[in-house]
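>>> generate coordinates for the sequence data below:
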Amino acid sequence: CIGSIIMICMSILFYGCASSTLELTENPRKKIVKPLNSFFREQPLPLSKADSARMSHIALEYYIQASELELVGKYSDAILAYQRVLRFDSNAAVFYSIGKCYNAIGQGDLAIEFTEKSLKLDSVSIPALEQLAILKLENIKELEPAIDLYKRIYALDSNRLSVLIALAELSESISPESAVYYYKKAIVKSAYDDELVRKYGGVLLQIRDSLSYISLMENQYNSHPENSRSRALLIEAYSVFKEYDKAFTIIEQFAGSSLDEELEEFYQTLAFSIIINKDTNSITIIDKFLPSFEKFPTLSWKVLNSFAFMADYSGKKSIAEKFYERSSRLADSLTIPYAVSLAYELLRNSTGAIAEHFISFYSHHFTQNPSFPFLMGIINNNNKQYSEAISYYSEAIKRDAEYADAWSELGSLYIKNKEFPKGDSCY
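All right, here's what the predicted structure looks like:
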């Protein structure tokens, strides 16, 4: 009895209870064997075409739903929807999308994990490689792994601008020469983008490649001659490397159509570069361009003063005076703060007679302002012309009785001259 029960159980277990695996036909000697149920085989039977189509449709529906959730910023819900897709299809694109969503909600470690899973399935996916590089930089702060990933992308697509820029910027601190290589390609690809030119120029200055730096700025200007930024960078390059002749020549090409504000920046930059560097070779260049400066019909106070500084530097004091006369006709009360600031800048840079001429001229022009006679007092004091310094400090106090700096300097001079009662009275 027990044996019969065991046999029945085994029969049910192995052959099923609804219908036996072994069925008899009309010929009792011929047996037709049906396949065993799937859990008795190593691999399940292939899906029928109908089942496969139905599952693909379900996966597609989930993927569309997940994508829509991602687009509207519901990243956590999108992750759940993408994970439903994985039940039907372990696709590289799905892992990549899950990585993007995790990154969007600030879970960098999971973002890296799923992006790496995506790359295991598709090792040449450029979006996944680029995403992983960015994630490594943002979350692990390691340059080399990110550079290696960008190099893999570069090997697949050497013209991808974002990758060229990334490789250039990441290589700056590790290998400036490599940065130069990638910047060159990126610059051409971007048609001399202003920001890229600026960054590349910084690397060239870092490695002291002046010829390449000037060439870069010349190429950018030739590509965009109407662009004020490209003009400014080229003139700055000429100024830094003392190629003043080229700088003035370039300015003359567009001076007639430029705004005063643009010319003010250019001429003042060049004027200060010349007088601060004290390059005597620049005197012949100034003399070459002075006639055109005199004829230039500008109404800019700053431009005229820049011309005056350069004329003074070349020893043409009478021409400088004419420029100051022209500039004074444009000066008003709003000009005073800038004029005072410019005077201090000239003094700080030890420009000597240039500073003295400018300050003296405007001391007589702005007759109510105490700053200019005060600064003339400083100049004379430094030159050990103490009586003249006392006169100028006194004039500054006459214009403003509360001018504390003038009182202090005047008191110091009286004490230096051993006129102690006068010195004490100043304090």
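>>> OK, contacts around I250?
I250 makes contact with 221, 231, 234-235, 238 under the criterion C-beta atoms under 8 Å, 6 or more residues apart in numbering. Using the backbone N, CA and C atoms, a C-beta is placed for each residue, glycine as well.
>>> now, those residues that are in helices?
221, 231, 234-235, 238 (DSSP state H).
>>> now rank the residues you listed by neighbours and give me the top one.
I235 (26 neighbours; other C-beta atoms under 10 Å).
>>> and T280, helix, strand or coil?
For T280, the reduced secondary structure class is coil; criterion used: DSSP: H, G, I helix; E, B strand; the rest coil.
>>> cool, the one 5 residues further on as well?
Reducing the assignment at I285 to three states with three-state DSSP gives helix.
>>> check contacts around L167.
For L167, the contacting residues are 147, 150-151, 154, 178, 182, by C-beta under 8 Å, 6+ apart.
>>> what's the closest of the ones in helices among the contacts of I250 to S258?
R231 (8.2 Å; C-beta to C-beta).
>>> would you map the helices across the stretch 1-150 of the chain?
Per DSSP state H, counting those that start in this stretch, the stretch 1-150 of the chain has helices spanning 2-15, 49-71, 75-86, 92-104, 108-121, 126-139, 143-156. These are given in chain order.
>>> got the contact list for the fourth one?
Taking C-beta under 8 Å, 6+ apart as the criterion, the residues outside helix 92-104 that touch it are 63, 66-67, 70, 73, 75-76, 78-79, 82-83, 85-86, 108, 110-115, 117-119, 121-122, 125, 127-128, 131-132, 135.
>>> among the residues you listed, the buried ones, what's the PyMOL command?
One line in PyMOL is enough to select the buried members of the contacts of helix 92-104, burial here meaning 16 or more other C-beta atoms under 10 Å:
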select buried, resi 63+66+70+75+78+79+82+85+108+110+111+112+113+114+115+117+118+119+122+125+128+131+132+135
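>>> gap between S162 and F95?
22 Å (C-beta to C-beta, to the nearest Å).
>>> ok, those two, which is more surrounded?
Each of S162 and F95 had its neighbours counted (other C-beta under 10 Å), and the higher figure belongs to F95 (24 against 11).
>>> if you skip the residues just before and after it, what's nearest to that one?
Sequence neighbours aside, S118 is the residue nearest to F95 in space, at 3.8 Å (criterion: C-beta to C-beta, 6 or more residues apart in numbering).
>>> element containing the spatially closest residue to V240 that is not a sequence neighbour?
Leaving out its chain neighbours, the residue that sits closest to V240 by C-beta to C-beta, 6+ apart is S273, at 7.6 Å. Using DSSP states H and E, S273 falls within helix 260-277.
>>> identify the residues contacting that helix?
With C-beta under 8 Å, 6+ apart as the test, helix 260-277 has contacts from 228, 231-232, 235-236, 239-240, 242, 244, 247-248, 251, 255, 282, 286, 298-300, 302-303, 306-307, 309-310, 313, 345, 349, 351, 354.
>>> which of these are buried, as a ChimeraX select command?
Selection of the buried residues among those in ChimeraX, burial being defined by 16+ other C-beta under 10 Å:
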select :231,232,235,236,239,240,244,247,248,251,255,282,286,298,300,302,303,306,307,309,310,313,351,354
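>>> so which of the contacts of helix 260-277 are in helices?
Residues of the contacts of helix 260-277 located in helices (DSSP H): 228, 231-232, 235-236, 239-240, 244, 247-248, 251, 282, 286, 302-303, 306-307, 309-310, 313, 345, 354.
>>> show me which of the ones in helices among the contacts of I250 is closest to M376.
For M376, the closest of the ones in helices among the contacts of I250 turns out to be I235, at 32.9 Å, with distances computed as C-beta to C-beta.
>>> the residue most central in space within the chain: which element?
Nearest to the geometric centre of the chain sits E195, at 6.0 Å (C-alpha atoms, centre = their mean). Secondary-structure assignment from DSSP H and E places E195 in helix 194-206.
>>> dump that helix to CSV, keeping only the CA atoms.
Once side chains and other backbone atoms are set aside, the C-alpha atoms of helix 194-206 remain, and they are given as CSV (Å, rounded to 0.1, in the frame of the first residue of the first chain):
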residue,chain,number,x,y,z
ASP,A,194,36.9,83.6,-27.5
GLU,A,195,37.0,81.6,-24.3
LEU,A,196,39.0,78.8,-25.7
VAL,A,197,41.5,81.2,-27.2
ARG,A,198,41.9,82.9,-23.8
LYS,A,199,42.5,79.5,-22.0
TYR,A,200,44.9,78.3,-24.7
GLY,A,201,46.7,81.6,-24.5
GLY,A,202,47.1,81.1,-20.8
VAL,A,203,48.8,77.8,-21.3
LEU,A,204,51.2,79.3,-23.9
LEU,A,205,52.1,82.0,-21.5
GLN,A,206,52.7,79.4,-18.8
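>>> elements contacting it?
Contacting helix 194-206 under the criterion 3 or more C-beta pairs under 8 Å, 6 or more residues apart in numbering; DSSP states H and E are the following elements: helix 161-171, helix 176-189, helix 210-223, helix 228-240.
>>> which positions in that helix come out as buried?
Of the residues in helix 194-206, those scored as buried under the neighbour-count criterion (16+ other C-beta under 10 Å) are 196-197, 199-201, 203-204.
>>> any chance you could list what contacts that helix?
The set of residues that contact helix 194-206 without belonging to it, under C-beta under 8 Å, 6+ apart, is 165, 168-169, 172, 176, 179-180, 183-184, 186-187, 190, 210, 212-213, 216-217, 220, 227, 229-230, 233, 237.
>>> are any of those residues buried, and which?
Neighbour counting by 16+ other C-beta under 10 Å classes 165, 168-169, 172, 176, 179-180, 183, 186-187, 212-213, 216-217, 220, 230, 233, 237 among the contacts of helix 194-206 as buried.
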